[in-house]
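*Asks:* Please find the sequence and the predicted model below.
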Amino acid sequence: MGADYIFACARVRGAEKNLLGKDKLGIMVEAKTMEDALKVLSEAQYGNEGEVVQPADYERLLGQETAKLYDFMKEIAPGEGAFRIFSYPFDYHNIKTLLKAEALGTDGKSILMSGGTIDPAAMAILVKERNFMPMTGHMKTAVEESVDTLARTRDPQSIDLICDRECYADILEAAKASGNPFVLGYVQLLIDTINLKTFVRVRKMGQPWSFFGTVFLPGGTISEKTFVAGYEEPIHQFAARLEGTALYGAAQEGLESMKETGSFTSIERLCDDAVMKYVKDAKYISFGIEPLIAYTAAKQAEIKSVRIVLAGKAAGLAPNLIRERLRETYG
């Protein structure tokens, strides 16, 4: 099995050299202008060769870089089944967008995203015609349940909740189908981080535990019972319930910080850092799907960090405020 990935892993090891480490992100943070920050990205082969990206157009640049990532992985990966864990969120973004546009009587096609398992233009037709043949069973459930719930409640948020639940059900199935413990562990940790972030936010909003049950994503290693058991206790004490899990340290530091500052910034960053710590283990695997999954996750995280930097620059935030939001890098 590992031998099938010899060529792909060699390509990935080469691509890893272009990942932005802490130093280059630091240069972007300290850059005097957006133009100077964008030069760092140009040197890291973002965008088309010779293209000068205008500051106001950076989201298009990041969208291009995301598309390049998935094109690259499709080109080199021996099989694409496991990579659906990264593709399904784009499918479900498009389903959400199309259903909301339909409810409002507008056309949401202009903000559909590529990178999913179904072409955006094709997805628009499938949703409109309620043709579920090319979709997964979970996508079919997402569309039907969203339409029914929206008709009864008139609450657009229900579309997000239903689609997110079905999206991660698809992601989990793809991880299990890969038969690879590293891939499954990555997805389970991802689900755990989402549930922890959600737990913290709904607690802050004063929502009852029953509401948390409607947004909890099954499939992680931390059970719903664990969250519910600690629902009524002071938020900073909840970390003790996660002892022995990959999120124990993140919960300890992040929840204590939230108690002192009231801000979610630290807990969200630390959760993302826990995921990065997990994928870094793939550096020690010579051949297999693990380095490919890790590189894809690392590049996604890099694009997220670049967006944080550029959005901060555009908003005029001080470098220290931008820096405290940055995630751990793969390098």
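*Replies:* Looks like it came in fine.
*Asks:* only C-alpha atoms for contact and neighbour calcs from this point on.
*Replies:* Noted.
*Asks:* What about F211, how many residues nearby?
*Replies:* 12 (other C-alpha atoms under 10 Å).
*Asks:* what do you get for T141?
*Replies:* 16.
*Asks:* Let me see the confidence value for it.
*Replies:* With respect to pLDDT, T141 has a value of 97.
*Asks:* tell me the contacts of it?
*Replies:* Contact analysis of T141 by C-alpha atoms under 8 Å, 6 or more residues apart in numbering lists E166.
*Asks:* Please apply the same query to A31.
*Replies:* A37.
*Asks:* swap in the one 4 residues further on?
*Replies:* Under the criterion of C-alpha under 8 Å, 6+ apart, the contact partners of E35 comprise 54-55.
*Asks:* Please tell me how far H138 sits from C167.
*Replies:* Distance, H138 to C167, using C-alpha to C-alpha, to the nearest Å: 7 Å.
*Asks:* Counting neighbours around each, name which of the two comes out higher.
*Replies:* A count of neighbours by other C-alpha under 10 Å puts C167 above the other of H138 and C167, at 24 against 16.
*Asks:* Correct me if wrong: that one contacts Y92.
*Replies:* Yes - here C167 lies in contact with Y92, judged by C-alpha atoms under 8 Å, at a distance of 6.3 Å.
*Asks:* mind showing which ranges of the stretch 51-200 of the chain have poor pLDDT?
*Replies:* For the stretch 51-200 of the chain, applying pLDDT under 70 flags no range at all.
*Asks:* Please repeat the previous calculation with a cut-off of 80.
*Replies:* Scanning the stretch 51-200 of the chain for pLDDT under 80 picks out the ranges 51-53, 78-80, 108, 110.
*Asks:* same check, this time on the stretch 201-331 of the chain
*Replies:* If you take pLDDT under 80 as the line, the stretch 201-331 of the chain has these spans: 331.
*Asks:* Show me the helices in the stretch 101-250 of the chain, by range?
*Replies:* Assigned helices in the stretch 101-250 of the chain, in chain order: 120-129, 137-153, 157-178, 181-204, 209-215, 224-229, 248-261 (criterion: DSSP state H, counting those that start in this stretch).
*Asks:* Now do the first one: which elements does it pack against?
*Replies:* Counting contacts by 3 or more C-alpha pairs under 8 Å, 6 or more residues apart in numbering; DSSP states H and E, the secondary-structure elements packed against helix 120-129 are helix 84-104.
*Asks:* Pull the residues that contact the helix it packs on.
*Replies:* Taking C-alpha under 8 Å, 6+ apart as the rule, helix 84-104 contacts 107-109, 111-118, 120, 123-124, 127, 139, 143, 146-147, 156, 159-160, 163-164, 167, 170-172, 174-175, 187.
*Asks:* Dump it to PDB, keeping only the CA atoms.
*Replies:* C-alpha atoms of helix 84-104 as PDB (Å, rounded to 0.1, in the frame of the first residue of the first chain):
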ATOM      1  CA  ARG A  84     -13.400  13.600   0.300                       C
ATOM      2  CA  ILE A  85     -13.000  14.500   3.900                       C
ATOM      3  CA  PHE A  86     -11.700  17.900   2.500                       C
ATOM      4  CA  SER A  87     -14.100  18.100  -0.400                       C
ATOM      5  CA  TYR A  88     -17.400  17.500   1.300                       C
ATOM      6  CA  PRO A  89     -17.400  20.900   3.100                       C
ATOM      7  CA  PHE A  90     -17.400  22.600  -0.300                       C
ATOM      8  CA  ASP A  91     -20.400  20.500  -1.500                       C
ATOM      9  CA  TYR A  92     -22.300  21.400   1.600                       C
ATOM     10  CA  HIS A  93     -21.400  25.100   1.400                       C
ATOM     11  CA  ASN A  94     -23.000  25.000  -2.100                       C
ATOM     12  CA  ILE A  95     -26.100  23.200  -0.800                       C
ATOM     13  CA  LYS A  96     -26.600  25.800   1.900                       C
ATOM     14  CA  THR A  97     -26.100  28.600  -0.500                       C
ATOM     15  CA  LEU A  98     -28.500  27.300  -3.000                       C
ATOM     16  CA  LEU A  99     -31.200  26.500  -0.500                       C
ATOM     17  CA  LYS A 100     -31.000  29.900   1.100                       C
ATOM     18  CA  ALA A 101     -31.100  31.600  -2.300                       C
ATOM     19  CA  GLU A 102     -34.100  29.500  -3.200                       C
ATOM     20  CA  ALA A 103     -35.900  30.500   0.000                       C
ATOM     21  CA  LEU A 104     -35.100  34.200  -0.700                       C
END
